[in-house]
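>>> sequence and predicted model, in that order:
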Amino acid sequence: MIEPKKSTEHEKEKRYKRPSWVPANIASEEELCPECFKVVGNRSRYKLVCMLGKEESGMMVGTLTNQLKLTQPTVTHHLQVLRSVGAVDCRREGRTQIYTLNRSAHCFSECKIPF
């Protein structure tokens, strides 16, 4: 019988290098936790965060799709990833979903990811 691999403390505390597109003079962290890396680890996702950061009232997927020049399924996927780490909130207005940046999320309040 094979025993499952036990995780070490180092694996639990895994950190990721800050991507080059996150300005060093703004983001003081050189390494990011896994949740925060999910937020900025993809350039399009980071652009999405910056767009939502500038629009406090929120944005619809269609608007984000047009401005990012990405397909609707791609933008929706990025929003789902951001929601999974608590970086984005969503509210319904009729049949429309409005996405807003959760400015109090760990990634912005503690790891200081700029938006």
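Right, received. Where do you want to start?

>>> Leu48 touches Val75, doesn't it?
Yes. Under the criterion of CB atoms under 8 Å, Leu48 makes contact with Val75 at 7.2 Å. To be clear about C-beta, it is placed using only N, CA and C from the backbone, and glycine gets the same treatment.

>>> what touches both of those two?
Leu64, Leu68 (CB atoms under 8 Å, 6 or more residues apart in numbering).

>>> with neighbour numbers in mind, choose between the two.
Shown here are Leu48 and Val75; by other CB atoms under 10 Å, Leu48 has more neighbours (27 against 22).

>>> which strands and helices sit next to whichever strand or helix holds that one?
Taking DSSP states H and E as the criterion, Leu48 maps to helix 43-54. Applying 3 or more CB pairs under 8 Å, 6 or more residues apart in numbering; DSSP states H and E, one finds that helix 43-54 contacts helix 34-40, helix 61-68, helix 72-84, strand 96-101.

>>> so what's the predicted local confidence for the closest residue to Arg45 other than its chain neighbours?
Leaving aside its sequence neighbours, Arg45 sits nearest to His78 (CB to CB, 6 or more residues apart in numbering; 4.7 Å). Listed pLDDT for His78 reads 95.

>>> and Gly86, which of the three is it?
coil (DSSP: H, G, I helix; E, B strand; the rest coil).

>>> residues in contact with it?
Glu35, Asn102, Ala105, His106.

>>> if we use 7 Å, what do you get?
Asn102, Ala105, His106 (CB atoms under 7 Å, 6 or more residues apart in numbering).

>>> nearest to Leu70 among these?
Asn102 (21.4 Å; CB to CB).

>>> residues of stretch 54-69 that come out buried?
Within stretch 54-69, the residues that count as buried by 16 or more other CB atoms under 10 Å are Gly58, Met59, Val61, Leu64, Thr65, Leu68.

>>> need the phi and psi values for Cys90.
phi -140, psi 140 (degrees, to the nearest 10).

>>> quick check, Gln97 in contact with Arg83.
No. If you go by CB atoms under 7 Å, Gln97 and Arg83 don't touch, sitting 10.7 Å apart.
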